[in-house]
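Asker: take this sequence and fold it.
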Amino acid sequence: MTISTLLGLLLVQAAAARSPEQFFVGRTESTGIVNIALSGSHTVRDRSRGRIEGGNTLILEQVVEEQGKPARSRTWRLVRSADNRITGTISDARGPVTGDVRGNVIHLRYQSQEGPSVEQWITLDPNGRVARNRMVFRRIGITLATVNSVIWRVE
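Answerer: From the prediction side, this is the model:
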């Protein structure tokens, strides 16, 4: 095995060992598609800057640009407990955010300001540079919209 192959394997293992929250430290960007039931689809993009405070609180400041709407800012504050549960807030959510971390997946649940419940899965790719985001918006059990996006590290 060559030194470059060994270094490559070590980098992949280090990225895989990184916690999903660490993915958001620094700058990230995403692009995706919002699919609205019976209404069509449009694009969404965001730019984020994240940091860890107090050892276990992810602070994520985000600017979201959704096609046909003015840009909006939002702030995430998520805390992971020892049992991998997540609690926190998102500035444009109504009430608390709850969820958990399982391996390379962050699973969140919260209520949007507009009313529907949101369930979100952020899955970190093994390379540690890209994540997949899937969101489902529901009201009384009926799916109203979905978002599928790709998030990548800028720094």
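Asker: tell me who's in contact with the most centrally placed residue in the chain.
Answerer: Centroid check for the chain by CA atoms, centre = their mean gives Ile122 as the closest residue, at 4.8 Å. Ile122 sits next to Pro20, Val105, Ile106, Leu108, Ala131, Arg132, Asn133, Ile151 when contact means CB atoms under 8 Å, 6 or more residues apart in numbering. Quick note: C-beta positions are derived from backbone N, CA and C, even for glycine.
Asker: where does the protein dip in pLDDT?
Answerer: Filtered on pLDDT under 70, the chain yields the residue ranges 1-18.
Asker: again, 80 this time
Answerer: 1-19, 155 (pLDDT under 80).
Asker: tell me where it has helices.
Answerer: In the chain, the helices defined using DSSP state H lie at 3-17.
Asker: rewinding a little: filter the contacts of Ile122 down to the buried ones.
Answerer: Taking 16 or more other CB atoms under 10 Å as the criterion, what is buried in the contacts of Ile122 is Pro20, Ile106, Leu108, Ala131, Arg132, Asn133, Ile151.
Asker: longest strand of this protein?
Answerer: Criterion DSSP state E: the longest strand present in the chain is strand 40-53.
Asker: which residues does the residue nearest to the centre of the chain bridge with?
Answerer: Taking DSSP bridges as the rule, Ile122 bridges to Ile106, Asn133.
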